[in-house]
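Trainee: Please work out how this folds:
(4 chains)
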Number of protein chains: 2
Amino acid sequence: MESEELKLLLVKHGLRKTKVRLALLRHFHHAHHAQSYKDLQSALTNDIDKSTLYRNLSSFEEVGIIHRIDDHSGISKYALGGIPSKGSEHAHFVCDRCETVYCLEASTPPELEVPEGFKASQVQTIVKGICAKC
Amino acid sequence: MESEELKLLLVKHGLRKTKVRLALLRHFHHAHHAQSYKDLQSALTNDIDKSTLYRNLSSFEEVGIIHRIDDHSGISKYALGGIPSKGSEHAHFVCDRCETVYCLEASTPPELEVPEGFKASQVQTIVKGICAKC
DNA sequence: TTAGCAAATGCGACTTAGTTGCATTAGTAT
DNA sequence: ATACTAATGCAACTAAGTCGCATTTGCTAA
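Mentor: The predicted structure is shown next:
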């Protein structure tokens, strides 16, 4: 993805083109797995303020540029792609050894039985195991 | 479950019978949904030290008396029953309105496809929706 | 181009779940 | 009863994430 395309991505979602945002998006585009706050902070050469970074992650999530992943580590991870809507849901793989989180794009959400009176609207799946690198 | 049974539960797992632990277990036994630290603290009449409570939850989890549930709220919840092993896994239901967490005992774990080189060992599922009470 | 406004940034202080070290207390085995 | 070990309580700490506010920057319309 070219710089121009990244800028378009921001404009398309009504977000201003700032250095921080472009740097973030550029990194997300190169990353092949989900990124934590720390991953992002250490990847970006000139460091970004904590609140700024978190606020941008929120904005990106809100407009659907990225989605937040809870891998049960207590630390949120983020990856390109919008919040999975009905039909586009995908599971996430968490490596037990290196703790890297991958999106399992091809995964289909299972239809689960819920008790009488309960109404399910969304299913979130996390697969734990060992990744290809470990 | 009688007091004697609760004591046996502790002994069986090599844990000492203390007032705090018995109170905790008694409450877990009456609870019909997963309990957070706050739930437990406010349910127990004489309050328990924070570290003591957390340490006991860890001990219980370690020996398999309870299991910890991550409902993506950032707050761990706990419920009776050991860490789900192959075959005894179950999903968890999180109410979008009241945030109560229920164990879906009857749920079967879905078999998910993972990419080449990846090895899945466990699948954790969270179902979001509206519970019977809401 | 520039003036002006709203949005984004950076900074610091704060919140809150959970942890750790340590002295004291209480279970348990002998 | 004794003595040892584990559990408790307390206080101080950690770390992810949030919030208020002053300053800066991007965008728009004159």
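Trainee: Every contact and neighbour count from this point should use C-alpha atoms.
Mentor: Noted.
Trainee: Show the contacting residues for the residue lying farthest from the centre of chain A.
Mentor: What lies farthest from the middle of chain A is residue A:116; by C-alpha atoms, centre = their mean that is 33.5 Å. Shown in contact with residue A:116 (C-alpha atoms under 8 Å, 6 or more residues apart in numbering or on different chains): residue B:132.
Trainee: Please, which helix or strand holds it?
Mentor: When elements are assigned from DSSP states H and E, residue A:116 belongs to no helix and no strand.
Trainee: Tell me how far it lies from residue B:97.
Mentor: 17 Å (C-alpha to C-alpha, to the nearest Å).
Trainee: What count of nearby residues applies to the closest residue to residue A:20 other than its chain neighbours?
Mentor: Closest residue in space to residue A:20, ignoring its immediate chain neighbours: residue A:48 at 7.2 Å, by C-alpha to C-alpha, 6 or more residues apart in numbering or on different chains. Number of residues near residue A:48 (other C-alpha atoms under 10 Å in any protein chain shown) recorded here: 16.
Trainee: any idea what residue A:48 is structurally, helix, strand or coil?
Mentor: Counting by DSSP: H, G, I helix; E, B strand; the rest coil, the backbone at residue A:48 sits in coil.
Trainee: what residues does chain A put near DNA strand D?
Mentor: Residues of chain A lying close to DNA strand D by C-alpha under 7 Å from any atom of the strand are A:11, A:16-19, A:36-38, A:50-51, A:54-55, A:74-76.
Trainee: Just the residues you listed: which are in helices?
Mentor: A:11, A:19, A:37, A:38, A:50, A:51, A:54, A:55 (DSSP state H).
Trainee: you'd agree the first one is up against residue A:22?
Mentor: No. Assessed by C-alpha atoms under 8 Å, residue A:11 is found out of contact with residue A:22, at 11.5 Å.
Trainee: Name the nearest of the residues of chain A next to DNA strand D relative to residue B:132.
Mentor: residue A:74 (28.5 Å; C-alpha to C-alpha).
Trainee: Quick check: which element contains residue A:93?
Mentor: strand A:91-95.
Trainee: do residue A:132 as well
Mentor: Using DSSP H and E, residue A:132 falls within no helix or strand.
Trainee: The residue lying closest to it once chain neighbours are set aside: how many residues sit nearby?
Mentor: Once flanking residues are discounted, residue A:132 sits nearest to residue B:117: 4.4 Å by C-alpha to C-alpha, 6+ apart. Counted by other C-alpha under 10 Å, the residues lying close to residue B:117 total 11.
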